[in-house]
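Novice: return atomic coordinates for the entry below.
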Amino acid sequence: MDSRNTERNPLIAATFNANSIRTRLDTILAWLAQHQPDVLGIQETKVQDKDFPLDPFRAAGYHVSFRGEKAHGGVALLTRSEPSAVAYGLDDGEEPADPARLVYAFVNGLHVVNCYVPQGREITDPQYAYKLRWLVRLRAYFARHFTTRDKVLWMGDFNVAPGSADIYNSEHQANHVAYHVDARRALNTVRDWGFIDVYRKHHPEPGRYTYFDYRLSDALEANRGWRVDHLFATPPLASRSTDAWIDLEPRRAEQPSDHTFLAASFKL
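Specialist: This next block holds a predicted model:
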């Protein structure tokens, strides 16, 4: 795990693509017990709401807001404090509203948005055009609900590596849906609404990744990864970030997700 500062009682926020919350339940509960984050956004829960494993998280001391779908998608937001407001989806009147891709909560004085951006499949697939449109809608969502003076934390699996420093083999990935120039441009358009990449604030160096493809047997050991999971914050919140780190240990565990945890601390 990357080193982290030891500020007194910082707020800790984290994000994790579980790639099935039921399969990764023990991993998540162990991480919660060890790190005790105030906020954890989870993506790709892959479970219908009626089958969501709510009780173990409540027993661990967390309030849980979630929306899911069978076998794919799904988001959840775990918070130590009870949110005073919760909402789902892009709420712009356009279909689909995608409630299983975005969950919002106001908690601890923060506006927290956890999202699972569509992956896109292939650049010639209609799903890739949908991904680009989804990011346009997301920028409008932020502009509609917040200002850059608000403390907004945008987290999740964005399914985009922002630059060559965020992918181990960028020279070979020009046509990949998570690195194609149009995907990066679309992500930058959302970021430029008023977000700062909290991890990059503390770690400008290349070669730090959150996703390691199952299909590459030595991906983790050879550091052949992608940084597609992110924590972005508006300036009033980013200025209070004291550290950010990627925890690789869960990716080394038995039956891991192909993603791992990204976390940051904030002195509020």
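
Novice: check which helix or strand the residue nearest to the spatial centre of the chain maps to.
Specialist: In the chain, the residue lying closest to the centroid (C-alpha atoms, centre = their mean) is G156, at 1.4 Å. Assigned by DSSP states H and E, G156 belongs to strand 152-157.

Novice: okay, now the sheet partners of that strand, with direction.
Specialist: Strand 152-157 has the following strand partners under DSSP bridges: strand 110-116 (parallel), strand 229-233 (antiparallel).

Novice: hmm, Y214 is touching D258, no?
Specialist: Yes: the pair Y214 / D258 is scored as a contact, 5.1 Å apart, by C-beta atoms under 8 Å. From N, CA and C alone the C-beta is placed, and that goes for glycine too.

Novice: give me the more crowded residue out of the two.
Specialist: The neighbour comparison of Y214 against D258 (other C-beta atoms under 10 Å) goes to D258, with 19 against 10.

Novice: report the contact partners of that one.
Specialist: 17, 19, 211-214, 251 (C-beta atoms under 8 Å, 6 or more residues apart in numbering).

Novice: tell me how far it lies from P250.
Specialist: 11 Å (C-beta to C-beta, to the nearest Å).

Novice: for the strand holding G156, list the C-alpha coordinates in CSV.
Specialist: Listed next in CSV are the C-alpha coordinates belonging to strand 152-157 (Å, rounded to 0.1, in the frame of the first residue of the first chain):
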residue,chain,number,x,y,z
VAL,A,152,-18.4,18.1,-4.1
LEU,A,153,-16.6,14.8,-4.2
TRP,A,154,-17.0,12.8,-7.4
MET,A,155,-15.9,9.2,-7.2
GLY,A,156,-16.2,5.9,-9.0
ASP,A,157,-15.1,3.8,-11.9
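
Novice: gap between that strand and the chain center?
Specialist: Strand 152-157 sits 6 Å away from the centroid of its parent chain (C-alpha atoms, centre = their mean, to the nearest Å).

Novice: what angle do whatever helix or strand comes next after that strand and strand 229-233 make?
Specialist: Sequence order places helix 181-191 as the next helix or strand after strand 152-157, per DSSP H and E. Inter-element angle recorded for helix 181-191 and strand 229-233: 30 degrees (by axes from the mean of the first three to the mean of the last three C-alpha atoms, to 10 degrees).

Novice: where exactly do the helices run in the protein?
Specialist: 25-35, 54-59, 126-145, 181-191, 198-202, 235-238, 249-252 (DSSP state H).

Novice: if we can go back for a sec, and the residue nearest to the centre of the chain, what are its bridge partners?
Specialist: C115, H230.

Novice: that one reaches V75, doesn't it?
Specialist: Yes: with contact defined as C-beta under 8 Å, G156 counts as touching V75 (7.4 Å).

Novice: which residues do the two both contact?
Specialist: Common neighbours of G156 and V75 (C-beta under 8 Å, 6+ apart) are 41, 43, 114-116.

Novice: ok, of the residues you listed, which one's closest to V190?
Specialist: C115 (10.2 Å; C-beta to C-beta).

Novice: got any ranges where the stretch 1-150 of the chain has weak pLDDT?
Specialist: For the stretch 1-150 of the chain, the stretches flagged by pLDDT under 70 are 1-8.

Novice: for T189, the count of nearby residues, please.
Specialist: Quick note: T189 (other C-beta under 10 Å) scores 14 neighbours.

Novice: show the pLDDT at it.
Specialist: Per-residue pLDDT puts T189 at 98.

Novice: any idea what sits nearest it, other than its immediate chain neighbours?
Specialist: In this structure, T189 finds its nearest non-sequential neighbour in R139, 5.8 Å apart by C-beta to C-beta, 6 or more residues apart in numbering.
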